[in-house]
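Peer 1: Curious how this folds, go ahead:
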Amino acid sequence: MLKATPWLVLLVAATGIGYALYLKRRAPERYALLGRTVLEETKER
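Peer 2: Okay, the predicted model is just below:
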């Protein structure tokens, strides 16, 4: 299993990138939400 770990990481990364590209083309409004972090009630220092 340890020998397969790099391949599994590569597979997960490729799947994520593929899904992001799919959303960018098919559902741009959902793509725009990727990676957005909403921090409510935060104070700037």
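Peer 1: going forward, measure contacts between C-alpha atoms and count neighbours the same way
Peer 2: Noted.
Peer 1: what's in contact with the helix or strand encompassing Trp7?
Peer 2: For Trp7, the host element (DSSP states H and E) is helix 5-26. Here helix 5-26 makes contact (Cα atoms under 8 Å, 6 or more residues apart in numbering) with Arg30, Tyr31, Ala32.
Peer 1: Neighbour-wise, which one of those leads?
Peer 2: Sorting the contacts of helix 5-26 by how many neighbours each has (other Cα atoms under 10 Å) puts Tyr31 first, at 17 neighbours.
Peer 1: average pLDDT across the helix or strand containing that residue?
Peer 2: Assessed by DSSP H and E, Tyr31 sits inside helix 28-33. Averaging pLDDT along helix 28-33 gives 88.
Peer 1: pull the CA atoms of it into PDB?
Peer 2: Provided in PDB are the C-alpha atoms of helix 28-33 (Å, rounded to 0.1, in the frame of the first residue of the first chain):
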ATOM      1  CA  PRO A  28     -19.100  29.000 -13.800                       C
ATOM      2  CA  GLU A  29     -21.200  30.200 -10.800                       C
ATOM      3  CA  ARG A  30     -20.300  27.100  -8.800                       C
ATOM      4  CA  TYR A  31     -16.700  27.300 -10.000                       C
ATOM      5  CA  ALA A  32     -16.500  30.900  -8.600                       C
ATOM      6  CA  LEU A  33     -17.400  29.500  -5.200                       C
END
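Peer 1: elements contacting it?
Peer 2: Secondary-structure packing of helix 28-33 (3 or more Cα pairs under 8 Å, 6 or more residues apart in numbering; DSSP states H and E): helix 5-26.
Peer 1: And Leu34, its phi and psi?
Peer 2: Backbone geometry at Leu34, expressed as degrees, to the nearest 10, gives phi -60, psi 130.
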